[in-house]
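K.L.:
next come a sequence and a model predicted from it.
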Amino acid sequence: MKKYIIKRLLWSVVILFIVSFLLYILMRSLPTSYLEQIARQKSQQPGSKSFEEWMQQLEATYGMDKGIVPGFFAWLGKALRGDFGDSWKYTVPVTQKFKEVVGISFIMSFVVMVLEFAISVPLGIIAATKQYSWQDNVISIVALAGISLPTFFTASLLKLVFSVKLQWFDLGGLVGRNYDILSPSGKKMDIALHLILPILTLLIASIGAYMRYIRTNMLEVLNSDYIRTARAKGLSEGRVIYHHAFRNTLITLVTIWGTSLPGLFSGAMITEQLFSIPGIGYTSYQAMISGDIPFSMFYLVFIAVLTLIGNLLTDILYAVVDPRVRID
Amino acid sequence: MSDLENSVDKTTQETVQNTEEYSDANASKNAEYSLSDDRRVKTLSPGAMVAKRFFRNRIAVLGMVVLIFMFLFSFLGGALMPYGESQLFYRKDSQSQKYAGVKVNTELRYQQAEKDSFPALAQAQFVLAKGKKLTEFAAGGVDYSYEEAGKDFYIISKKGSSDPVAFAAVDTVTSVSGEGQIPFAEQLSILKALTNGEKEFTEGGSSYTLSEDGTVTKDGTAYAYASRYVVNAIMSDVTFSQKFKEELLEQIQAGATSFSFTDDDGVEANYTMEYDATSKTYNILQSREQMVYDSYSPPSKAHPLGTDKNGMDMLTRLMYGGRVSLYIGFVVVIIETVLGMLLGGISGYFGGWIDSLIMRIVDIFYCIPTIPIYIIIGAAMDAMRVDPQIRMFYLMIILGFFGWPSITRLVRGQILTLREQEFMTAAEATGIKPVNRIFRHLLPNVIPQLIVTCTMSLGGVILTEAVLSFLGLGVKFPFASWGNIINDVNNTYVLSNYLFIWIPAGVCLLLTVLAFNLVGDGLRDAFDPKMKR
């Protein structure tokens, strides 16, 4: 087991190395004129550095003056020490900006994850146990519709109904107009109120996939031999489902939970953007479309790391939770 | 359908399962499943069996119907619509704007002879003298005398001389062209004639005629304009034609409040006059019919879904948008599948170091964040002003390039299990070449799984494309796409007031993706009877 984990970890490091190299190549292959154009725009802002200084800063951070391979190692050396340079858009060190904004994304994703499990697990189990009933049909169609709904359309519909027609929530933003005059608890309430629609959007988009996943798994478990045995023993249906079957679906639940754990930090780019929630997704989207190379590079590497951790956790958790999985 | 259901033999198990599935199958039908000889002969090919199972799944068939509708809507609809994808529509709009001001002159205006000067001080002295009923006055060391030539018309000359240096009059003389000054002497004669009510006079070899509204004709051509109405343009770039001025003054004198006038270019406009008592001015408002982009017009007979912000027909845009979305979806999935089958097939069949290599590449590709990368590339393409058509190709290539790993994994996994089965051993034993073994025996067995995955990923690709187009980084104007149609909701006014713009596109998107998913689900059930949905 230990050997397996170490092997996986080492391999993840290698993948990360290659992925960051590829990302570095992508960044380097952006047309120079594009970078110069951005640097020129930046230099024209009042009180900004000169064009040459911007270009020099970029070259220094990314080793642009060197060849691709030495340049990559120069950048990697700095990145490993946590130095990702200064963000162009936010004019503070990238890591500092990241620390500022990651919190709200984490809170949002965490609430979404808890609700996701709280809703999709019971519904998935109902759908599986009452296969082909009307409940199953409704749940399956709703789940599929959730998957098929583009986030931006869901968000627009929610905004139309709850913000424009009912006027319960603001159209976007994290705080209301009178935030500054609210009491400390009132401020928290205000933020919570502003997070409801984004959370709802994320929930609609992701819950369908979970429900389908749990349903398929539950069905697989229900068709297995030990469930037939349990039924043959004369156990009550409730005991068969909630004691024997559900415990086995827990294996998959734990695994997908492990996989989604790193995703808590990655932010929801499109939803945050739509509701102007200043989380990591919104911040990086703004950085990316305005050509903020240092921040974009950091975000890309960050997402790659999260994906790797997610995959690693899935494999390890699967092996840990399910004794039937043999590791070689 | 009924004769399909009669198949026995291989499908007995199948039909039994189906009776379980559909409890509403009535008992009388069970007679058809009997093993009597007349029913025994009919068998079904595997393809027909899949079709039969698929068509029994009502939800999947519904999805299929929706898909067919969407295809017809996008591909046939676009061809049938009388409008083009980016055809602009206009509407007439009447815009009212301040056009001219007509001031009724009630004060004396001074005009001095070219060679002389009549300074402001002299003007003041003149007014004083006039008030005291004196005919002489002095200013700046010069003595003047004046003569009342008519009502509100005074001719001023130096004392002892009959040569006028200036005159003061309420009526003014302006040239018809609006440019240049009329010589002093001419002005004087014209005003004299006007005051005396003369219709015509000759001076300096030219003959002048005065019409009632104050137009002065010199040698047969309109030359000047003498009246107490001063017409000013509000906008500096507008000059009035003589005809217009005549008409305007005529209407004012007649006490009309509005009139319409057709200018030399044949453009008709309505004019409204308002008298402002404090400034003693007539304000002339021009309201003109102008052609403007017919943007955000509500649904009507000509445009069933209205028009968008550029004045393009929404329904047509929707059809072309569907075409673009489906087209991109198919091209991307084809790229993905070709790459995925090739690499997955090689990987699964040969195994060993090739397999490890390809699988490691797949691992790496899984870690690359695709949406952020496309956003960065899209922003760079925006800045480089890449042609929208070329962008579309880039979009397809990039989506296809990052999409193959999942298909590779699927194909490899399938081949790994299939390759160990007896029919492959048999194929090897009969001495079939490896190429044929892969492409004729192995890959055809992967195809069912592949079709299911492709159908589902078509929906996924269309969604990704829509998201990118929505963000303004995918399909760009002038091309329509369901994503970039909905992009308009970023304008809050459109979001809350012009539902006909974005709701239909969203519904189309939802229906299409949902239909692809439903059909994919249905196909999976149909291909694999053991796996229920």
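P.N.:
Arrived safely. Numbers count the residues shown, from 1 in each chain, chains lettered A, B, ... in the order given.

K.L.:
what mean pLDDT does stretch A:89-97 get?
P.N.:
Mean pLDDT, stretch A:89-97: 86.

K.L.:
is chain B within reach of it?
P.N.:
No. Judged by Cβ under 8 Å from any Cβ of the partner chain, stretch A:89-97 and chain B are separated, with a smallest distance of 11.9 Å. (Each C-beta comes from the backbone N, C-alpha and C, glycine too.)

K.L.:
name the residues of that stretch that come out as buried.
P.N.:
Going by neighbour count (16 or more other Cβ atoms under 10 Å in any protein chain shown), the buried part of stretch A:89-97 is A:89-90, A:93-94, A:97.

K.L.:
so which of those residues is the closest to chain B?
P.N.:
Distances from chain B to the buried residues of stretch A:89-97, taken as Cβ to the nearest Cβ, are shortest for A:Lys89 (11.9 Å).

K.L.:
please report the distance of the closest residue to that closest one other than its chain neighbours from A:Leu300.
P.N.:
Leaving aside its chain neighbours, A:Lys89 sits nearest to A:Asp292 (4.2 Å; criterion: Cβ to Cβ, 6 or more residues apart in numbering or on different chains). As judged by Cβ to Cβ, to the nearest Å, A:Asp292 and A:Leu300 stand 12 Å apart.

K.L.:
neighbour count: these two, which is higher?
P.N.:
Taking neighbours as other Cβ atoms under 10 Å in any protein chain shown, A:Asp292 and A:Leu300 compare with A:Asp292 leading, 27 against 24.

K.L.:
quick one, phi psi at the more buried one?
P.N.:
When quoted as degrees, to the nearest 10, the phi and psi of A:Asp292 stand at phi -80, psi 90.

K.L.:
likewise for B:Thr202?
P.N.:
With angles defined as degrees, to the nearest 10, B:Thr202 sits at phi -120, psi 140.

K.L.:
pLDDT wise, what is residue 319 at?
P.N.:
Unless you meant another one, I'm taking chain A. With respect to pLDDT, A:Ala319 has a value of 78.

K.L.:
should've been chain B
P.N.:
In this model, B:Met319 is scored at 90, pLDDT.

K.L.:
my guess is it contacts B:Tyr83. True?
P.N.:
No. Applying Cβ atoms under 8 Å, one finds B:Met319 not in contact with B:Tyr83, separated by 9.6 Å.

K.L.:
between those two, point out the one with more neighbours.
P.N.:
Legend: neighbour count by other Cβ under 10 Å for B:Met319 and B:Tyr83, higher for B:Met319 (25 against 19).

K.L.:
ok, that one - contacts?
P.N.:
B:73-74, B:77-78, B:81 (Cβ atoms under 8 Å, 6 or more residues apart in numbering or on different chains).

K.L.:
for the helix or strand containing B:Trp502, packing partners?
P.N.:
Using DSSP states H and E, B:Trp502 sits within helix B:499-527. For helix B:499-527, the packing partners by 3 or more Cβ pairs under 8 Å, 6 or more residues apart in numbering or on different chains; DSSP states H and E come out as helix A:134-148, helix A:151-158, helix B:46-56, helix B:58-71, helix B:314-350, helix B:443-470, helix B:482-486, helix B:492-497.

K.L.:
report the beta-bridge partners for the nearest residue to B:Thr257 once chain neighbours are set aside.
P.N.:
Residue nearest to B:Thr257 in three dimensions, not counting chain neighbours: B:Met273, with 5.6 Å by Cβ to Cβ, 6+ apart. Here B:Met273 sits in beta bridges with B:Ile284, going by DSSP bridges.

K.L.:
does B:Met273 touch B:Ala256 like I think?
P.N.:
Yes. Applying Cβ under 8 Å, one finds B:Met273 in contact with B:Ala256, separated by 7.1 Å.

K.L.:
more crowded one of those two?
P.N.:
B:Met273 (18 against 13).

K.L.:
so who does that one touch?
P.N.:
B:102, B:251-252, B:256-259, B:282-285.

K.L.:
just those now: which is nearest chain A?
P.N.:
Closest to chain A out of the contacts of B:Met273 is B:Leu285 (36.5 Å), distances taken as Cβ to the nearest Cβ.

K.L.:
the most centrally placed residue in chain B: what's it in contact with?
P.N.:
Per Cα atoms, centre = their mean, the C-alpha nearest to the average position across chain B is that of B:Asn310, at 2.0 Å. B:Asn310 sits next to B:86, B:88, B:293, B:295, B:477 when contact means Cβ under 8 Å, 6+ apart.

K.L.:
relative to chain B, which residue of the stretch 201-328 of chain A is the closest?
P.N.:
Nearest residue of the stretch 201-328 of chain A to chain B: A:Ile303, at 4.0 Å (Cβ to the nearest Cβ).

K.L.:
can you pick the most crowded of the contacts of B:Met319?
P.N.:
The member of those surrounded by the most neighbours (other Cβ under 10 Å) is B:Ser74, with 23 neighbours in all.

K.L.:
quick check: the closest residue in space to that residue that isn't next to it in sequence vs chain A, distance?
P.N.:
Using Cβ to Cβ, 6+ apart and skipping the chain neighbours, the partner closest in space to B:Ser74 is B:Gly322 (3.2 Å). From B:Gly322 over to chain A the distance is 14 Å, taken as Cβ to the nearest Cβ, to the nearest Å.
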